[in-house]
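Chemist: give me a 3D structure for the following:
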Amino acid sequence: MKIPFISLVFILLSNITFAQTTSELKEFDRFVKAGIEAWEVPGLAVSVVKDGKVVFSEVYGVRNIETGEKVNTETMFAIGSTTKALTAYCIALLVDEEKLSFTDKVIDHYPGFQLADPYVTRELQIRDLLTHRAGLANADYLWVMTDFTSEELIARMKYAKPAYSFRSDFIYQNIMYAVAGEIIHRVSGKPWWEFMQERIFDPLNMKHTIAKTSLLDKSEISSNHVTPHYKSENGVEPIDFMVADQIGAAGSIWSSIGDMAKWTKFLLDSANIEGKRQLSKEIFEELFKPQAIISKSKFYPTAKLTNPDWTTYGYGWFQHDYMGRMVNFHTGSLSGLIAIIGLLHEDKLGVYVMGNANHAELRHAIMYKAFDLFATGGNRDWNEAIQKLYEQIHDENSKKKKKEEANHSEDATPAHPLVNYTGRYSSPMWGAMDILLENGDLYLQSSPSVKLKLGHWYYDTFKTISDSRFPWLNDFELTFNTDARGKVANAVFWGYHFKKVVEEENK
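Modeler: Prediction:
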């Protein structure tokens, strides 16, 4: 049978395209494997969506370096702050249903909500929650160091000092996303995680996705998840989970690479499922419109390599220009766990990466490599470039630390007997923390689950010494102050003042 010339040309071109795609996928796989080795990541999962199809989906390594359990396509990783885009999407669904507006005042839906500044309390809009423009500092210590519930965290924000004028700057603020989660609850009548399950997970058939860490134990798929790892002087080691349920809507979701590929594909297809739009075109596009300008100094260090002309934030998306394209992306970081999602809408390209090594910035390298290989045609060695960048940052931090240590006198002794520092200290924002003396050492206990040893630095200043449970809580200064009688009366920790609570009989 003779094949028409035009058909033959089409077949040959199709085969060439397939061969090129196969070559690209093999190159990408080699790149990822090299990066895993260079960054010492125990386990990793990567997916790439292009033109409506998952063209790459691979898993690597182990869930736990000690047990050797392998990662598979259904293994759940913590997606961290890439949760924010899902929360913003849930808000958008309610906007689309005219149950609220992005410009609605927060207090219209959450009457009890309060910040330190009455004007900001009155004028704060829902879009401000989603774009980190409320004038607040980060305040992550509040949920990391305490056992406050989400409701208690939100209530404490009325004591948070303004860090900049309302809407004049950008400081990343997780607790405001917890407020957004509460808005979803109050408007929809369902907790944010139930609303998200019904409106995102179920329609997309995301069967290996859990909205909160606390739900892992209640799920039949709970056993197939990774363990976080941290690199110390002893090498890469497993560490305890850093639970983010207190700020759930900001970063508590666990998911598999297969499910996050579905979410990525959904976002590239304008929120369509089998041709049926789940969100109006206007509201969907609003999610990706720049809402806040971010200065280069507050953007990711990778901007030193990509050299963007602009850096902004949308609704749960960091944004910048790259090779003439608009990038929407977001990272997720919990201690020992990482994630990243990156989208090039005009190229119908998306990439998702999840891993179980602390701040393994291999995630950025994989994202930009995917952009180059499947869209821009760039050929930079992103593994080498990003690793060199972060090594420089590490070296600069090490030099700073050595300089501080050089100014520290080994002969310095506490200004008071250690027992004088002990007691309960209270802060309106933080609540209470206890300073304990055990076996000749001071300890800071901020909750039943967080207890840190304090090493003396100089005079009335001590530094936290973390253990294997909390390696990220090392080297934070705590300074005690005395009153006019020379007695220890208060303390300063993480910029907040704590007053020593004096027992009634000692007053």
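
Chemist: mind jotting down where the helices sit in the stretch 251-400 of the chain?
Modeler: 257-268, 281-287, 303-306, 362-371, 382-406 (DSSP state H, counting those that start in this stretch).

Chemist: the first one packs against which elements?
Modeler: Using 3 or more C-beta pairs under 8 Å, 6 or more residues apart in numbering; DSSP states H and E as the contact criterion, the elements in contact with helix 257-268 are strand 43-50, strand 53-61, strand 337-344, strand 349-355. Bear in mind the C-beta positions are built from the backbone N, C-alpha and C, glycine included.

Chemist: deepest-packed of these, please.
Modeler: Neighbour counts (mean count of other C-beta atoms under 10 Å) averaged over each of the helices and strands packed on helix 257-268 peak at strand 349-355, with a mean of 29.

Chemist: can I get it in PDB, CA atoms only?
Modeler: This file holds the C-alpha atoms of strand 349-355, laid out as PDB (Å, rounded to 0.1, in the frame of the first residue of the first chain):
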ATOM      1  CA  LEU A 349       3.800  24.100  31.100                       C
ATOM      2  CA  GLY A 350       3.900  23.300  34.700                       C
ATOM      3  CA  VAL A 351       6.300  21.600  37.100                       C
ATOM      4  CA  TYR A 352       5.900  20.300  40.600                       C
ATOM      5  CA  VAL A 353       8.700  19.000  42.900                       C
ATOM      6  CA  MET A 354       8.400  17.600  46.400                       C
ATOM      7  CA  GLY A 355      11.200  16.200  48.600                       C
END
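
Chemist: ok so, going back, tabulate the helices and strands packed on helix 257-268 (CSV), appending mean pLDDT and distance to S280.
Modeler: CSV is the format used below for those (pLDDT from 0 to 100; distance: least, C-beta to C-beta, whole Å):
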stretch, mean pLDDT, distance to S280
strand 43-50, 98, 22
strand 53-61, 97, 25
strand 337-344, 98, 19
strand 349-355, 98, 21
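
Chemist: any regions of the stretch 251-400 of the chain where pLDDT drops low?
Modeler: Applying pLDDT under 70 to the stretch 251-400 of the chain picks out no residues at all.

Chemist: and the pLDDT at S222?
Modeler: Looking at S222, its pLDDT is 71.

Chemist: my bad, Y119
Modeler: Y119 is assigned a predicted lDDT (pLDDT) of 97.

Chemist: can you name the residues that contact it?
Modeler: F166 (C-beta atoms under 8 Å, 6 or more residues apart in numbering).

Chemist: now swap in R127 and tell me
Modeler: 102-103, 291, 315.

Chemist: got CSV for those, with neighbour count and distance to L334 too?
Modeler: Listed next are the contacts of R127 as CSV, based on neighbours: other C-beta atoms under 10 Å; distance: C-beta to C-beta, whole Å:
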residue, neighbour count, distance to L334
F102, 21, 28
T103, 10, 32
Q291, 21, 25
Y315, 23, 22
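
Chemist: ok so, going back, closest one to E152 among the helices and strands packed on helix 257-268?
Modeler: E152 lies closest to strand 337-344 among the helices and strands packed on helix 257-268, at 24.6 Å (C-beta to C-beta).

Chemist: so which elements touch that closest one?
Modeler: In terms of contacts (3+ C-beta pairs under 8 Å, 6+ apart), strand 337-344 is packed against strand 77-78, helix 257-268, strand 325-334, strand 349-355, helix 362-371.

Chemist: returning to what we had before: what's the most buried one of the helices of the stretch 251-400 of the chain?
Modeler: When the helices of the stretch 251-400 of the chain are compared using mean count of other C-beta under 10 Å, helix 362-371 is most buried, at a mean of 28.

Chemist: in CSV, list the C-alpha atoms belonging to it.
Modeler: Extracted in CSV, the C-alpha atoms of helix 362-371 (Å, rounded to 0.1, in the frame of the first residue of the first chain):
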residue,chain,number,x,y,z
LEU,A,362,17.4,21.6,44.1
ARG,A,363,13.7,22.4,43.7
HIS,A,364,14.5,25.7,42.0
ALA,A,365,17.0,24.1,39.8
ILE,A,366,14.5,21.5,38.6
MET,A,367,11.8,24.1,38.0
TYR,A,368,14.1,26.3,35.8
LYS,A,369,15.5,23.3,34.0
ALA,A,370,12.0,22.2,33.1
PHE,A,371,11.2,25.8,31.9
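
Chemist: so what does it touch, helix or strand wise?
Modeler: With 3+ C-beta pairs under 8 Å, 6+ apart as the test, helix 362-371 has helix 5-39, strand 43-50, strand 325-334, strand 337-344, strand 349-355, helix 382-406 packed against it.

Chemist: make a markdown table out of the ones you listed and add distance to F470.
Modeler: Below are the helices and strands packed on helix 362-371 laid out as a markdown table (distance: least, C-beta to C-beta, whole Å):
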| stretch | distance to F470 |
| --- | --- |
| helix 5-39 | 22 |
| strand 43-50 | 22 |
| strand 325-334 | 13 |
| strand 337-344 | 15 |
| strand 349-355 | 20 |
| helix 382-406 | 19 |
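
Chemist: which one, of those, ends up nearest to V144?
Modeler: Counting by C-beta to C-beta, V144 lies closest to strand 325-334 out of the helices and strands packed on helix 362-371; the figure is 10.0 Å.

Chemist: picking that back up, okay if I get the helices of the stretch 251-400 of the chain as TSV plus distance to L478?
Modeler: Shown next, in TSV, are the helices of the stretch 251-400 of the chain (distance: least, C-beta to C-beta, whole Å):
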stretch	distance to L478
helix 257-268	39
helix 281-287	41
helix 303-306	33
helix 362-371	33
helix 382-406	15
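
Chemist: wait, which of these is closest to L142?
Modeler: The nearest among the helices of the stretch 251-400 of the chain, by C-beta to C-beta, is helix 382-406 at 24.1 Å.

Chemist: tell me, how many residues neighbour E410?
Modeler: When neighbours are counted by other C-beta atoms under 10 Å, E410 registers 5.

Chemist: an error on my part: the question was meant for H185.
Modeler: Neighbour tally, H185, other C-beta under 10 Å: 19.

Chemist: okay, now the domains of this protein?
Modeler: Structural domains assigned to the chain are 5-397, 418-506, following automatic domain parsing.

Chemist: winner for burial among those domains?
Modeler: domain 5-397 (a mean of 19).

Chemist: residue boundaries of the helices in the stretch 101-250 of the chain?
Modeler: Under DSSP H, counting those that start in this stretch, the stretch 101-250 of the chain gives helices at 106-109, 118-123, 126-131, 141-144, 150-156, 174-188, 192-196, 248-251.

Chemist: would you turn the ones you listed into JSON lines with distance to W310?
Modeler: Shown next, in JSON lines, are those (distance: least, C-beta to C-beta, whole Å):
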{"stretch": "helix 106-109", "distance to W310": "28"}
{"stretch": "helix 118-123", "distance to W310": "27"}
{"stretch": "helix 126-131", "distance to W310": "15"}
{"stretch": "helix 141-144", "distance to W310": "31"}
{"stretch": "helix 150-156", "distance to W310": "32"}
{"stretch": "helix 174-188", "distance to W310": "23"}
{"stretch": "helix 192-196", "distance to W310": "31"}
{"stretch": "helix 248-251", "distance to W310": "25"}
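
Chemist: can you tell me which of these comes nearest to V54?
Modeler: helix 192-196 (22.0 Å).

Chemist: elements contacting that closest one?
Modeler: Packing partners of helix 192-196 (3+ C-beta pairs under 8 Å, 6+ apart): helix 83-96, helix 174-188, helix 248-251.
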